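Enquirer: can't give you the sequence, but here's the structure:
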């Protein structure tokens, strides 16, 4: 595994180790399912499994985007909501981390 990929793997493991109520795992699983999403669409998916606010989902997306670096942010127009895309090169790492924990 390349140094950058192993660093992201370690960050994902520590990210999921802090998961006390299953929210982080559920969000990461939902991101893997959706591939491309907005805050509203991910909230809709996650709220089917857990009772969670939209702010919590937006915060979790921001954390994943900035700390883990596995998301690509796409803002097509100032009128449209920001869409997030899971970077394909990190999808396998996310699946491996979820399978190992």
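Expert: Happy to help now that I have it. No experiment lies behind these values; they were computed from the predicted model shown.
Enquirer: which SSE is the residue nearest to the spatial centre of the chain in?
Expert: Central residue of the chain (Cα atoms, centre = their mean): residue 28, 4.4 Å from the mean position. Element membership of residue 28 [criterion: DSSP states H and E] is helix 23-34.
Enquirer: tell me which residues of that helix are tucked away?
Expert: 23-24, 26-31, 34 (16 or more other Cβ atoms under 10 Å). For the C-beta atoms, the positions are set from N, CA and C on the backbone; glycine is no exception.
Enquirer: Verify the contact between residue 27 and residue 58 for me.
Expert: No: in this structure residue 27 lies outside contact range of residue 58 using Cβ atoms under 8 Å: 10.9 Å.
Enquirer: for the protein, what's the longest helix?
Expert: helix 3-17 (DSSP state H).
Enquirer: Could you name the helices and strands sitting against that one?
Expert: In terms of contacts (3 or more Cβ pairs under 8 Å, 6 or more residues apart in numbering; DSSP states H and E), helix 3-17 is packed against helix 23-34, helix 88-100.
Enquirer: Would you format those helices as TSV with distance to residue 80 and mean pLDDT included?
Expert: Formatted as TSV, the helices and strands packed on helix 3-17 follow (distance: least, Cβ to Cβ, whole Å; pLDDT from 0 to 100):
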stretch	distance to residue 80	mean pLDDT
helix 23-34	17	95
helix 88-100	23	93
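Enquirer: Specify the residue positioned farthest from the middle of this structure.
Expert: The outermost residue of the chain relative to its centre, with distances by Cα atoms, centre = their mean, is residue 79 at 23.5 Å.
Enquirer: Three-state assignment for it, please.
Expert: What DSSP: H, G, I helix; E, B strand; the rest coil gives for residue 79 is coil.
Enquirer: who's in contact with the lowest-mean-pLDDT helix or strand in the chain?
Expert: Lowest on mean pLDDT, DSSP states H and E among the helices and strands of the chain sits helix 3-17, with a mean of 90. Helix 3-17 is contacted by residues 1, 24-25, 28, 64, 67-70, 90, 93-94, 96-98, 100-101 when judged by Cβ atoms under 8 Å, 6 or more residues apart in numbering.
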